[in-house]
Structure formats: structure tokens, C-alpha cells
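1. From the sequence below, what's the structure:
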Amino acid sequence: MIALPASVIRIISVILAAVFIPLGALTSGIDKINAPERSETASVNVAGIGAYFRSQGIAYDGENYYFSCKTSLIKTGSDPSKAEIVNLDAIPGLLADDYGIAHIGGISYYDGRIYAGLEDSKVWQHPMIGVYDAQTLEFIEAYELDPELVTRGVPFVAVDPQTGYLCCVNHSKEPDRLCIYDTANAMREVGVLMLSQSVASIQGAEFYDGSLYAATNDETAAIYRIDEDGTVTKVLDRNLVSGSEGEGMTIVNKDGRPCIAAVDMGPLFVNAFIRYFDI
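-> Residues are numbered from 1 along each chain as shown. The predicted model follows:
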């Protein structure tokens, strides 16, 4: 693990903030001028190198935010734009060397740990779940899933806080079921939940009140709700600026109420928005 002290991170953040303030203003302006009408209640724009570190998944533990990018994890406090802990090399060498793991997908917080989808990207032979200590972001362990059941990587994972069960999908492009595993029993396969309709290109998901909310990178970067019986319902369209990419989501407490916090990368990937939507 390559980690930086909090004091160093804060100094770097201040320097980078000064450098990227004009870029942040520019990207915010483009977003406001060119984007179709959207329903977010608030947003945070992170420009420059900070956007890279927020380019995949997002999780929340009730106080702190967590973000993933291709090979790294970061943790912030209540302000998602200010990193406090960084694990620059979150994929252990053993997984990279022996299994070709080269990509971290969506993440989920549960019981003091961060669960992450790990992929041998574009090969799809070793779908894995990585487990990290939420306090330090240090790697703890990994579990390989059945590649015949999870056939095209692990673009996201979500853990149900009521059961401790983790879910992912059987196919990243056109899934027809959720695959369910028991985090308390060495990721034992619990079963599958058939979906009423396919939800393409899910980038991140989180449970709330017994249902799974899933953020996609489809045509409108829509967010869907998947109920306990597999019924799929569209919740909202993010309607991002052309050239943007919808990424992960989580559920947070904001202004005294639960809401969706969803990440998207702006055009050219020079900025990342964390957008908040009412559930």
C-alpha cells in the first residue's frame, strides 16, 4: 500500500485547488449552460487530478465518503472534495501478477469495511471482490467469484446493511439477474434474483430501505430501483452534458434526509461531479 500522510494530502490539496480553480469554474459553467434540465438538489465539482481519484465508485459510512478509481481508493470527511486518506496502489501485487487484476469498479461500505469490484479488465476470467479496512483503506482479502456466473467483470458491488449480503450482476452490459453472496461466510453464493428487465451498464449501486438503487451509464445516465422481487423501476434521468460518463452512486444523509449521491465524469474527464438527488 502506498499511502500519504494527512498533512501532505492537505498541502497538496490546497496547491491543486489553486491551480484548478479556473478549470473548476469553466467546467461548472459548461455544465450549467449546456446541460438539459436536471433534478439534482445540489452538486460538488472536483476538477483536475482530484477528478481522477473519483472516477469510479462512491460509498458513504454515515460521516465519511469513499471513492475509487482504476487502481486507488480515497477517503474524505463530510466534504467529498477533500481527501484525507489515500491508498494509491489498492490492488495488491499478488492479484495483479497472478490474476491480472487491473481495475477497481464500484464500491460499498458495510460494517467497517469497503467492498470493491475487482476486474481483470477486458479478459473477464477472474471476477473478484476486494475487501479493505474502511479506517485505513488497507487491503484485507479478496474472493474470486464463479466466472461462469459472473461473466463480464464486476463493475459494481453493493452490500445490503440489513442482511450483510453482497450483490453484483451476471453481465455488465445486459444483466438479467443479481448474483448474491454472504459477506459473513467467505462470500458463499446465496442465490440469484431475476430482474423484470435488464438494466444495462450499471456503474454503482446501493441499498436503501430494502431496495437496490443502481446508477447507469446508459443514454440518459439513469438511476433505477430494483425491489426485493426483482421489479425494476426508473427513478430519474441524470441527463448529463454530452461527452460525460455516469459513474457510481451511494445513499447519504444530507440536510437531515436521505438522498442519492451520484458521480459523473465531465467531458474530457477533467472534472467529476457529485450530484445529490431526492429519493
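2. Please tell me how far residue 81 sits from residue 123.
-> Here the criterion is Cβ to Cβ, to the nearest Å. By it, residue 81 lies 34 Å from residue 123. C-betas here are computed from N, CA, C, even on glycine.
3. which of those two has more neighbours?
-> Counted by other Cβ atoms under 10 Å, residue 81 and residue 123 do not tie: residue 81 has more neighbours, with 17 against 12.
4. Let me know the helix or strand that that one is in.
-> For residue 81, there is no helix or strand it lies in under DSSP states H and E.
5. Kindly report the same for residue 96.
-> Using DSSP H and E, the element containing residue 96 is helix 93-99.
6. okay, which residue is most central for this structure?
-> residue 57 (1.7 Å; Cα atoms, centre = their mean).
7. Now do that residue against residue 105, distance only.
-> Counting by Cβ to Cβ - residue 57 and residue 105 are separated by 6 Å.
8. before we move on, what about residue 137?
-> Going from residue 137 to residue 105 by Cβ to Cβ gives 16 Å.
9. More neighbours: which of those two?
-> residue 105 (26 against 20).
10. Quick check: the more buried one touching residue 118?
-> Yes. The pair residue 105 / residue 118 is scored as a contact, 7.4 Å apart, by Cβ atoms under 8 Å.
11. Next, show the common contact partners of those two.
-> With contacts defined as Cβ atoms under 8 Å, 6 or more residues apart in numbering, the residues adjacent to both residue 105 and residue 118 are residue 154.
12. in the stretch 151-279 of the chain, which spans are strands?
-> 158-159, 165-169, 177-182, 188-194, 202-208, 211-216, 223-226, 232-236, 245-254, 257-265, 271-278 (DSSP state E, counting those that start in this stretch).
13. Make CSV out of the ones you listed and add distance to residue 28 and mean neighbour count.
-> Formatted as CSV, those follow (distance: least, Cβ to Cβ, whole Å; neighbours: other Cβ atoms under 10 Å):
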stretch, distance to residue 28, mean neighbour count
strand 158-159, 30, 27
strand 165-169, 33, 24
strand 177-182, 36, 20
strand 188-194, 39, 13
strand 202-208, 22, 26
strand 211-216, 21, 24
strand 223-226, 22, 22
strand 232-236, 21, 15
strand 245-254, 17, 23
strand 257-265, 13, 22
strand 271-278, 8, 22
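14. Select, out of those strands, the one closest to residue 68.
-> Residue 68 lies closest, by Cβ to Cβ, to one member of these: strand 245-254, at 7.7 Å.
15. The closest one: partners in the sheet, and parallel or antiparallel?
-> Its sheet considered, strand 245-254 pairs with strand 257-265 (antiparallel) by DSSP bridges.
16. angle of the strand it pairs with against strand 271-278?
-> Interaxial angle, strand 257-265 versus strand 271-278 (axes from the mean of the first three to the mean of the last three Cα atoms, to 10 degrees): 150 degrees.
17. Please name the nearest non-neighbouring residue to residue 241.
-> Counting by Cβ to Cβ, 6 or more residues apart in numbering, residue 241 lies nearest to residue 35, which is 4.8 Å off, once chain neighbours are set aside.
18. So the one you found sits against residue 243, correct?
-> No. Proximity of residue 35 to residue 243 does not meet the contact threshold set by Cβ under 8 Å, at 11.2 Å.
19. got the strands of the stretch 151-279 of the chain as CSV, with mean pLDDT columns?
-> Below are those laid out as CSV (pLDDT from 0 to 100):
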stretch, mean pLDDT
strand 158-159, 98
strand 165-169, 98
strand 177-182, 98
strand 188-194, 97
strand 202-208, 98
strand 211-216, 98
strand 223-226, 98
strand 232-236, 97
strand 245-254, 96
strand 257-265, 96
strand 271-278, 96
